[in-house]
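Engineer: One predicted model, sequence on top.
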Amino acid sequence: MTTPACAAVFLAPVHYRPKDFTLVKKDGVYHLFYIRHNDLLPPWATEVDFGHATSPDLYRWTHQPEVLPIDPNGWDNAHVWAPHIVESNGLYWMLYTGVTERPGYRFTQRMGLAVSADLYTWNRVTSTPVWTNAQAPWAWWAPNNAAMSCRDAFVMRDPAAPGQWLMYYTASPASDTLVTVVGVARSMGDLSRWADEKPLWITHQSLTFNTLAESPHLFQHNGRWYMFITTSSGQPLTFYTSANPVGDPAEWTYRGRLRNMLGYDTSNWGASEAMSEGELDYFAFVDDYGIDIKLIVWGAGEDFSLTDAPVFHMNAMSWTNPVALENQLVGLKLANSNAWAFTGQLEAFTRNAAGKEIPAPMDSLGLPTRPVMNADTVVIPWFTRRWPYSRPASQPMPLRVAMADGTASTPWMQIHYNPIQRRGPLGPGGWLPETGDSPFPPTPDVEPEPPPFPGDTLPSGHVEMLPNAPPASASPSVLRGSPLGDSPAIAFELAVAGDVRAEVFDLQGRRVALLADRPFGPGAHVLPWDGRDATGLKAARGLYFVRLSLPGRTWGLRLLLDR
């Protein structure tokens with residue numbers, strides 16, 4: 001086993017240094033996206049794509065191909081800055097700053113939206129910006145002035161309004177164009193359409209003593225919101241706390257420089273970011289030519305300190321069988337990084353008759369609380385047990401096992417009553433390294449065949465294969481209440497570039513709308529339908545069908561229009 005680097009630090013490739021960045025985790029792997037600045041290039045020739053790196057443990061990093069380069073013919077033809085990513089409906093949505101240099105725009109900053117299914121391939125959702133200062137009455141909108149600021153989006157769900165999003169960003173107020181403050185915009189569930197919420201005047205220089213306030217981000221702990229910004233101070237990172245993330249100045253507590261709380265120099269720190277993983281909270285920041293990632297150790301009140309991130313990381317936990325009978329041999333599969341550093345514990349959960357999740361004692365289940373792990377992947381053999389013993393035979397027992405710090409969990413497994421009482425020879429506990437000859441044969445997933453489409457439309461889920469078809473693409477899906485709004489949308493992914501045609505039909509087989517008929521690049525794409533027919537009139541509520549023709553195959557999908 002390889003010992004990782006001595007600190008959780010990402011270093012950019014030679015000649016590059018990272019700037020604003022974002023961290024996201026998918027399938028047990030950490031992904032880092034950042035502005036790539038090359039000091040050897042003139043300003044106009046750098047920051048033209050986003051760097052991308054992955055890590056299994058925050059210590060060892062692998063550089064991946066760059067993503068989302070500038071569009072020479074688009075509105076973001078000069079630079080791309082400050083990515084921020086949120087997950088919704090199984091897709092990943094990136095808000096980013098695009099910079100325009102063309103007649104009428106002098107390095108104008110605006111916000112755009114891109115989407116990905118795998119975090120490796122990104123596609124722009126719209127061909128125009130989703131936010132500009134022109135939409136905020138208080139903000140300075142001067143596209144011919146290179147000093148106008150509209151950048152550094154940070155997006156989160158509004159904790160007080162389900163279905164709505166808040167976007168924090170950097171802007172210059174029209175009343176004081178020589179400074180920047182944090183502005184807030186609101187979206188009613190649609191990341192492509194925003195409305196002005198307010199400026200956060202607590203970030204104005206009259207209260208912070210700094211002309212620059214940029215790169216905002218927020219996180220919550222014990223009912224309090226922490227808002228960090230990067231300033232032009234000698235100790236750049238500054239923060240505030242409040243019970244209300246969109247509160248007026250009187251509702252915020254100005255905590256000053258991060259250095260004052262930590263007690264040591266942070267003069268090289270900037271563009272910070274926070275990430276929560278189970279019960280662990282991480283704080284990351286740009287430090288010269290790297291990005292440092294620290295673990296937050298919470299103290300009294302609103303104070304915290306920073307320490308090294310844990311070396312051990314559980315990448316994934318799974319069952320070899322998702323459904324089993326009582327006393328059947330199954331395996332608990334643990335995929336990890338740096339097994340030698342494991343000091344954590346496992347815990348189990350089930351659901352009672354009311355569906356409420358409750359702890360299940362590991363000793364009663366016969367599962368080890370602290371298993372021996374001396375390989376990157378181990379399989380713990382287990383003869384299943386049901387708990388509590390009074391559970392009715394007709395009621396399956398749902399079970400999941402998780403890390404005690406909440407950083408990883410198995411899916412739910414269903415354990416059914418078995419009237420034949422027997423115990424296998426291996427007994428509970430111990431470990432088995434993963435091998436090609438697993439003693440735990442997986443249970444295949446079987447999906448029921450859906451009812452057919454009426455008329456001349458295609459059956460839902462039906463695929464028409466064409467000869468010499470290109471590589472397979474992921475199955476398309478219908479999004480409801482997606483980040484593109486309440487209207488239904490079709491999400492699909494292409495393995496290779498090709499022509500796509502998407503048509504909407506009613507129950508009589510008549511075509512109602514044409515959503516797309518053009519080439520698309522590889523990766524994820526989303527096609528929203530606004531509920532209007534080809535003439536622009538609102539279609540009637542009810543069930544519709546989509547014929548989606550992808551390279552080499554055609555799919556049929558059901559689509560419900562209820563507004």
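Structural biologist: Everything's here; your move.
Engineer: what stretches of the stretch 301-450 of the chain score poorly on pLDDT?
Structural biologist: Within the stretch 301-450 of the chain, the stretches falling below the threshold (pLDDT under 70) are 421-450.
Engineer: Could you pull out the helices in it for me?
Structural biologist: Assigned by DSSP state H, counting those that start in this stretch, the helices in the stretch 301-450 of the chain fall at 362-365.
Engineer: ranges for the strands of it?
Structural biologist: Under the criterion DSSP state E, counting those that start in this stretch, the stretch 301-450 of the chain contains strands at 304-308, 313-319, 323-325, 329-337, 346-351, 357-360, 377-383, 397-403, 413-416, 432-433.
Engineer: how about CSV for those strands, with distance to Gln164 and mean neighbour count added?
Structural biologist: Placement of C-beta: from N, CA and C, glycine included. Written out in CSV, the entries for the strands of the stretch 301-450 of the chain read as follows (distance: least, C-beta to C-beta, whole Å; neighbours: other C-beta atoms under 10 Å):
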stretch, distance to Gln164, mean neighbour count
strand 304-308, 29, 15
strand 313-319, 32, 21
strand 323-325, 38, 18
strand 329-337, 36, 22
strand 346-351, 30, 19
strand 357-360, 27, 13
strand 377-383, 41, 21
strand 397-403, 30, 20
strand 413-416, 35, 19
strand 432-433, 48, 14
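Engineer: mind putting these in a markdown table, distance to Val130 included?
Structural biologist: A markdown table is the format used below for the strands of the stretch 301-450 of the chain (distance: least, C-beta to C-beta, whole Å):
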| stretch | distance to Val130 |
| --- | --- |
| strand 304-308 | 34 |
| strand 313-319 | 34 |
| strand 323-325 | 44 |
| strand 329-337 | 37 |
| strand 346-351 | 40 |
| strand 357-360 | 38 |
| strand 377-383 | 42 |
| strand 397-403 | 37 |
| strand 413-416 | 42 |
| strand 432-433 | 49 |
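Engineer: now for these, which one comes closest to Thr132?
Structural biologist: Between Thr132 and the strands of the stretch 301-450 of the chain, the tightest spacing by C-beta to C-beta is seen for strand 304-308, at 36.0 Å.
Engineer: for the closest one, packing partners?
Structural biologist: Contact analysis of strand 304-308 by 3 or more C-beta pairs under 8 Å, 6 or more residues apart in numbering; DSSP states H and E lists helix 258-262, strand 290-298 as its packing neighbours.
Engineer: The same query, at a cut-off of 10 Å, please.
Structural biologist: Taking 3 or more C-beta pairs under 10 Å, 6 or more residues apart in numbering; DSSP states H and E as contact, the helices and strands that strand 304-308 lies on are helix 258-262, strand 280-287, strand 290-298.
Engineer: So which of these has the densest surroundings on average?
Structural biologist: For the helices and strands packed on strand 304-308, the stretch with the most neighbours on average is strand 280-287, a mean of 21; neighbours defined as mean count of other C-beta atoms under 10 Å.
Engineer: Can you give the distance of that strand from its chain's centre?
Structural biologist: Taking C-alpha atoms, centre = their mean, to the nearest Å, the mean C-alpha location of strand 280-287 is offset from the chain mean by 17 Å.
Engineer: try stretch 55-65
Structural biologist: Distance of stretch 55-65 from its chain centroid, counting by C-alpha atoms, centre = their mean, is 17 Å.
Engineer: Over to stretch 122-132?
Structural biologist: How far stretch 122-132 lies from its chain's middle: 18 Å, per C-alpha atoms, centre = their mean.
Engineer: what comes up buried for it?
Structural biologist: Trp122, Asn123, Arg124, Val125, Pro129, Val130, Trp131, Thr132 (16 or more other C-beta atoms under 10 Å).
Engineer: got TSV for these, with pLDDT, secondary structure and distance to Val67 too?
Structural biologist: Putting the buried residues of stretch 122-132 into TSV (pLDDT from 0 to 100; DSSP: H, G, I helix; E, B strand; the rest coil; distance: C-beta to C-beta, whole Å) gives the following:
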residue	pLDDT	secondary structure	distance to Val67
Trp122	96	coil	5
Asn123	94	strand	10
Arg124	94	strand	11
Val125	92	coil	14
Pro129	96	coil	19
Val130	96	coil	18
Trp131	97	strand	21
Thr132	97	coil	23
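Engineer: Kindly reformat these as a markdown table containing distance to Arg541.
Structural biologist: Converted to a markdown table, the buried residues of stretch 122-132 look like this (distance: C-beta to C-beta, whole Å):
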| residue | distance to Arg541 |
| --- | --- |
| Trp122 | 34 |
| Asn123 | 31 |
| Arg124 | 31 |
| Val125 | 26 |
| Pro129 | 32 |
| Val130 | 28 |
| Trp131 | 31 |
| Thr132 | 34 |
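Engineer: quick check, nearest of these to Thr100?
Structural biologist: Pro129 (8.7 Å).
Engineer: is it true that Arg480 touches Pro528?
Structural biologist: No - with contact defined as C-beta atoms under 10 Å, Arg480 does not reach Pro528; the gap is 11.1 Å.
Engineer: what touches both of these two?
Structural biologist: Taking C-beta atoms under 10 Å, 6 or more residues apart in numbering as the contact rule, Arg480 and Pro528 both touch Ser487, Pro488, Ala489.
Engineer: number of nearby residues for the last one?
Structural biologist: Applying other C-beta atoms under 10 Å, we find 22 other residues in the vicinity of Ala489.
Engineer: and the gap between Ala524 and Leu91?
Structural biologist: When C-beta to C-beta, to the nearest Å is applied, the distance between Ala524 and Leu91 equals 6 Å.
Engineer: tell me the domain boundaries of the chain?
Structural biologist: With domains defined by automatic domain parsing, the chain comprises 9-308, 313-433, 463-561.
Engineer: Determine which stretch of those is the most buried.
Structural biologist: Here the criterion is mean neighbour count by mean count of other C-beta under 10 Å, and of the domains of the chain the winner is domain 9-308, at a mean of 18.
Engineer: Many thanks, have a good one.
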